[in-house]
Structures are given as structure tokens and as C-alpha cells.
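> got a predicted structure here, sequence first:
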Amino acid sequence: MAEADPRPESTEPDAVAPERGPTVREAMTFGGFQQAQLIGGEAGLDRRIEWVRIMETPDTAHSLQPGDLLLTTAFPIKDDRQAQIGLLRSLAEAGAAGLVVKPERYLRELPAEMAHEADLHQVPLFTLPNEVNWVDLMTPLLERIINAEHSRLKRSFDIHRRFTELVLDGKGMTEICRTLSELLNAAVVVEDSSFHLLAHAGGAGDPHRKETIARHGTPQRVLFDPGIQAVLREVAANRGPMKVKPFPHLGMHRERIIAPILAANQVLGYISIVDPRPAQEELAYMAVEQAAIVIALAMSKEREVAEVEGRVRGEFLDDLTHGTYGDENAAQRRARHLGYPLAGGHVLLAVDIDNFREYIRSRQLSEETIQAVKRDFHRRVTATIKAAYPRFLLSTRSDTVYALLPMGQDAGEYRGRVGSLGGQVRDAITQWKPGFTVSAAFSGPVEAPIEVPTAYREVTAVLETLARFERREQVVAVPDLGLTGLLAAITDDRLVDYAQRHLGRLADHDQQRSGQLVETLRAYLESGEQQAAAKRLAVHPNTLRYRLDRIREIAGLEPDDPETRLNLSVALRIYSLLGL
């Protein structure tokens, strides 16, 4: 069932479409064309004439442009019957408007096959009396075509000036969207190259557009659809507006016109007109192209400012994490320039995409798409952090984001605040549904700038350890790891060997018999004595003593030996860290 269109007809003068070249049907009422006789191809009379050409050689038909009306005496093909019949097919393939022939001098009459081909390909075919001059037919047509082109250029200039004035007045993309929506009486959406929603205006009858607005960007299931990817490649290659068919299986039930927003041969984003009215389609193409140009100017300016600020902040954090900031006075000066408070405690937070290499390989993403995903990941992490800590330093290394957060004098309460922030970042990525997860690690409070390099090494080591052992969607506080945090810097399987050497037998026993010896040992070591451990496990003290005896028998260990307690405690931490 067809979708109802809730939009009223526009009465705005700006919505009047520019004048267009005549259709063949209209041209039949002009000048010498009134004496032409239609021989075939009546179904194509609504083809639009964009220019008029005279056939001078047999090859002329192969260089025609869409909308050309071809005039000929047939002299170049007078002795080639196959060329005469094939001429209509060539015109159809070129998208030409039609063919007008003066047959009397060289053909006497047209072959019947030409009329058949004209009907078959729906290309209007006319004969014209020899006494009618070409100029009498061409003059009124060319006058109408040139006037229409002048109208289009004037209309295009007016639209461009209107949009440019909006940008110069500081109105930005939202106002451009609203103006374009009112001009065309259609929904308008602007997204960047990562398909993050930048602005929108107009009706909301399209389910896909509703979801785009609700999610602040195109859903990933749409973005990675092969059909959508092919369309976007074609739009970028075309460098101009294109009509895109509906994709019902993705919730996109309406046609749209999409134009790339380009700057220096780089696609900055896309602007879409959802379900434009057929009567205003040419105006929509013209308007969206002009809107894309001025939006590119606005986006380039905003991106340049953001990139400069981000680069300066990122370079400062890079210098802090690598200890290359110079002396403390230099660090203080740079911090004051950026508005970042170096006094008090600070926490370094790192957010990493889990197994990003496998994510890229499994989806066979192009380099452009990879960079777009990274930009969107960076943007979402940054937005989440900024909401909690308006003043922060941030740096990006491939698929990892590092942020230095000022704790001030409340550093003692950092654990809950930063841990919650790590969870919010993880949840924001989960809601985005990009097809990957993230893990976060944060340091304890450190003094800046002197202790930032140590915090950087610690959080990086923890993330690398989580990655090696495929622990995903983790939020880890380095201080919670204690000695295990130091061990996390080990870059081979010695951690696993160490843990298995001390706990392997107990773990195997628990797995085979659904036992609880490892948890019993953990409770005993962390509680410090048997009564507290039994209470923690909710078992009778005698049950606890029996389990400890079984631990001694199976593992050959003495839990009350200080050195053994240390080794077992570390092994248990490794088990927790690595999810063994």
C-alpha cells in the first residue's frame, strides 16, 4: 500500500521550479516544427530537448548527448539502409530527444523499419518538408533552451547567494537545513563522513530518518549494507547529486536525492533530500548541490578549528605521557594556555577497541570506511568524557583514546567517578552498535606532569594484557590490580604459566567435579582466618577446614606459609585479570 504523503503543497514563491527546456510535444507547436509529421515513437514525446544538432557525418549519432534533437537530410547515410535503421537505436542509447528527417532529396521516403525502431525504442521520429528551413525549426527551440538555461543559472545563483548569506551571518548547518526544507517542502538530513547526524529539518514520515535522528546518525546495519556502500561510492565518484532508490529491507521506504559534501577531493559528509516532489525535482538537484557547497565551507572551517585545538591538546598529552614536555614551568605555561588545571591529582583513562584488527578483517572494510569508523569512535568517546569532565586533555593513537582527567583536591574519590565514566563510555559504544566492543583502564591519582609517564605505562600494559588474553568489555582500575598490575607489563605467556603452576591442579579439580576449591582458597587468603572465610562462603567451619585439607592434598601447597600465600594471592589475581 502506498505511503500517505502528509506534506501540503508549497505556496512559497521560492519553491517555484526554474524554467526548463521544452519537451518534444511542446516543441511541435514552435515555428517550423509545426509542419513536421510524426512517423513513430509517439510514446517518447515527453522527452526533453536540451540542444539541437545537425547530422553532418555518419559518426554524429555516436557523439550525441542526452536530450539532443538530431536534424538530418539523411545524406551521410543515404546509401546505407542498415545505418538508417540503426540510427534510431543509437539515439535511444544516447538518451537523445528525437530525430527530424528531410527525406525528399536523398531518400524520397523513410524505410518502414525506421518507424518500427522509433516505436520500439520510444524515440520520436519526424519528417519535415524540404521547403522548411532548418533555421525556422531551430531558432524558437534554441531561444527557449537558452532562456531555460539562463533561468537555471539565475536560480542557482540566487540559491547559492541565499545559503552563503546564512553562513556569513553565522547561522550554520541547522539554518541551511531548515531553509532547504522550506524551499523544497521535504525532509533534509546532513551527516558527516562517519554518518554522525549534524543537522536535520522537515517531515518525519520516513522510518529510517526517524531512527537516524533518534540515534544521532545512520545505524551501522545500514552503513555496512553492500547496496548502501555501492550507492555511496557512486555518489562520491559522481561528485554531484544523485537519486537513490528506496531500500525497504533497511526501513528506507522513500526515494531521496543525496549529494556529497566535498572539500579538496575529500568527502566530508552527505546531504539528503527525502522524497522530493517530482514537480520540483530539478529544483531539488540544484538546491541540494548549492547547499552542499556552502555546507562544505562551514564544515571545513569548523573542522579546521577543532583539529587545531585537538592537535594542540593531543600533542601536550603526548608530551606528558612520554616525559618530553621540557621542565615543569614549560608544562605549566602550556596547561594555562589550554585552560587545563595541573594542580591537584589527575587520572589517566585509556579506551581501546577490542580486537580491532579482526573487526576490520572480518568485514573487509576499505581504508576510507576504517578511518570513518575511527573518527566516529573518537567522537563518541570524546563526547562522553566531555560531559563528565569539561576540562580534559585527549590524544588518539590508532584505535585507542587516552584522556587525562583533572581530579583536583578530590582525588581520593576518583575510583567511583572514573570507574563510572569508563562504564558510560563502554555503554555509549554498545548503544552505537558498531559491531565491536571496547575496554577501558584507568590509573590511580598521579601528580602532573612528573607522574603521568608512569600512569601511561601502567594503563597501556593493562590494555595490552587484556587484548592478549581476549578479555573484552572490561573496565579496570590499575590500583585494584596491585602486584598484578606490575605483572601485566609482561609481554608473553609467563603470566599464564605462573598462574597454572600454582592453581592449575585446583582449577582442573573444580572443573572436573564442579568443585569450589579455588573460591575457597580465595576467600581464605582474602579474609585472613578460617571463621571469616567460612562466613563469607556461607559454609560450616568444619566444611571450610575439610576443603583446606583437600587443597593441601591436591595442590601440595601449604596456604599458611607466607611465601606460598603471596604466590597464591598473585596467581588468583592473574586468574581474575585474564578470566582463566
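That came in fine, so what should we check first? Source: prediction; values computed, not measured.

> when you work out contacts or count neighbours from here on, use the C-alpha atoms and nothing else.
Noted.

> what average pLDDT does the host helix or strand of Leu88 get?
Using DSSP states H and E, Leu88 falls within helix 81-94. Helix 81-94 shows a mean pLDDT of 90.

> got it, and stretch 569-580?
Computed over stretch 569-580, the average pLDDT equals 73.

> and what of stretch 135-152?
Across stretch 135-152, the average pLDDT comes to 84.

> please point out which parts of that stretch sit buried.
For stretch 135-152, burial by neighbour count (16 or more other C-alpha atoms under 10 Å) applies to 137-138, 140-142, 144-146, 148-149, 151-152.

> OK, contacts around Leu537?
By C-alpha atoms under 8 Å, 6 or more residues apart in numbering, the contact list for Leu537 reads 520, 523.

> going forward, begin numbering at 553 instead of 1
All set: I'll call the first residue 553, so the last point we hit is now Leu1089.

> roughly how far apart are it and Glu919?
Noted for Leu1089: a distance of 53 Å to Glu919, by C-alpha to C-alpha, to the nearest Å.

> over to Glu1078?
Counting by C-alpha to C-alpha - Glu1078 and Glu919 are separated by 49 Å.

> and what of Gln1026?
The gap separating Gln1026 from Glu919 is 28 Å, by C-alpha to C-alpha.

> higher neighbour count, these two?
Remark: of Gln1026 and Glu919, Gln1026 carries more neighbours, 20 against 10, as counted by other C-alpha atoms under 10 Å.

> wait, the more buried one sits on Asp979?
No - the pair Gln1026 / Asp979 is not scored as a contact, 11.3 Å apart, by C-alpha atoms under 8 Å.

> show me what contacts the residue most central in space within the chain?
Residue closest to the average C-alpha location in the chain (C-alpha atoms, centre = their mean): Ser746, at 2.4 Å. Applying C-alpha under 8 Å, 6+ apart to Ser746 gives the contacts 821, 921, 924-925, 927-928.

> those residues: which two are farthest apart?
Using C-alpha to C-alpha, the contacts of Ser746 span at most 13.3 Å, a distance reached by Gly821 and Val925.

> and Asp710, how far from Glu717?
11 Å.

> thinking again about what came up before, most neighbours among the contacts of Ser746, please name it.
Gly821 (24 neighbours).

> host element of that one?
Assigning secondary structure by DSSP H and E places Gly821 in strand 818-826.

> and what of Ile937?
Per DSSP H and E, Ile937 falls inside helix 919-940.

> helices of the stretch 853-1002 of the chain, start to end?
880-890, 908-915, 919-940, 966-984 (DSSP state H, counting those that start in this stretch).

> now those in JSON lines, with mean pLDDT and distance to Lys762?
Shown next, in JSON lines, are the helices of the stretch 853-1002 of the chain (pLDDT from 0 to 100; distance: least, C-alpha to C-alpha, whole Å):
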{"stretch": "helix 880-890", "mean pLDDT": "91", "distance to Lys762": "38"}
{"stretch": "helix 908-915", "mean pLDDT": "88", "distance to Lys762": "27"}
{"stretch": "helix 919-940", "mean pLDDT": "88", "distance to Lys762": "20"}
{"stretch": "helix 966-984", "mean pLDDT": "88", "distance to Lys762": "15"}
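
> which one of those helices lies nearest to Gln617?
Comparing those by C-alpha to C-alpha, helix 919-940 comes nearest, at 33.7 Å.

> re earlier: out of the helices of the stretch 853-1002 of the chain, flag the one nearest Thr575.
Short answer: helix 919-940, nearest of the helices of the stretch 853-1002 of the chain by C-alpha to C-alpha, at 42.4 Å.

> which strands or helices does the closest one pack on?
With contacts defined as 3 or more C-alpha pairs under 8 Å, 6 or more residues apart in numbering; DSSP states H and E, the packing partners of helix 919-940 are helix 966-984.

> now the angle from the helix it packs on to helix 919-940?
On the basis of axes from the mean of the first three to the mean of the last three C-alpha atoms, to 10 degrees, helix 966-984 is oriented at 140 degrees to helix 919-940.

> what's in contact with stretch 848-864?
With C-alpha under 8 Å, 6+ apart, stretch 848-864 has contacts from 719, 724-725, 813-815, 820, 946-947.

> ends of stretch 803-820, how far apart?
Across stretch 803-820, the terminal residues are separated by 25 Å (C-alpha to C-alpha).

> and the pLDDT for the spatially closest residue to Val925 that is not a sequence neighbour?
Among residues not flanking Val925 along the chain, Ser746 sits closest, at 6.2 Å (C-alpha to C-alpha, 6 or more residues apart in numbering). At Ser746, the pLDDT value in this model is 72.

> three-state assignment of Ser746?
Reduced to three states with DSSP: H, G, I helix; E, B strand; the rest coil, the structure at Ser746 is coil.

> go on, the one 5 residues further on?
On the three-state scheme (three-state DSSP), Ala751 is labelled strand.

> check contacts around it.
Residues near Ala751 by C-alpha under 8 Å, 6+ apart: 725-726, 729, 741-743.

> before we move on, back to that, columns distance to Ala1007 and secondary structure on top of the buried residues of stretch 687-704, output as CSV?
CSV is the format used below for the buried residues of stretch 687-704 (distance: C-alpha to C-alpha, whole Å; DSSP: H, G, I helix; E, B strand; the rest coil):
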residue, distance to Ala1007, secondary structure
Leu689, 83, helix
Met690, 80, helix
Pro692, 80, helix
Leu693, 77, helix
Leu694, 75, helix
Arg696, 74, helix
Ile697, 71, helix
Ile698, 70, helix
Ala700, 68, helix
Glu701, 66, helix
Ser703, 65, helix
Arg704, 62, helix
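
> mind putting those residues in TSV, distance to Glu734 included?
Formatted as TSV, these follow (distance: C-alpha to C-alpha, whole Å):
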residue	distance to Glu734
Leu689	40
Met690	38
Pro692	35
Leu693	34
Leu694	33
Arg696	29
Ile697	28
Ile698	29
Ala700	24
Glu701	24
Ser703	21
Arg704	19
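
> show me which of those is closest to Ala788.
Nearest to Ala788 among the buried residues of stretch 687-704, with distances taken as C-alpha to C-alpha, is Arg704, at 23.9 Å.

> lowest-confidence helix or strand of the chain?
helix 1035-1039 (a mean of 57; mean pLDDT, DSSP states H and E).

> name the surrounding residues that touch the helix or strand that comes right after it.
Note on helix 1035-1039: by DSSP H and E, the next helix or strand toward the C-terminus is helix 1046-1065. For helix 1046-1065, the surrounding residues in contact (C-alpha under 8 Å, 6+ apart) are 1039-1040, 1067-1070, 1103, 1106-1107, 1119-1120, 1122-1124, 1126-1127.

> which ChimeraX command selects the buried ones in those residues?
In ChimeraX, this line selects whichever of these come out buried by 16+ other C-alpha under 10 Å:
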select :1039,1040,1069,1070,1103,1107,1119,1120,1122,1123,1124,1126,1127
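
> from the contacts of helix 1046-1065, pick the one nearest Gly583.
Of the contacts of helix 1046-1065, the one sitting nearest to Gly583 (C-alpha to C-alpha) turns out to be Ala1040, at 88.3 Å.
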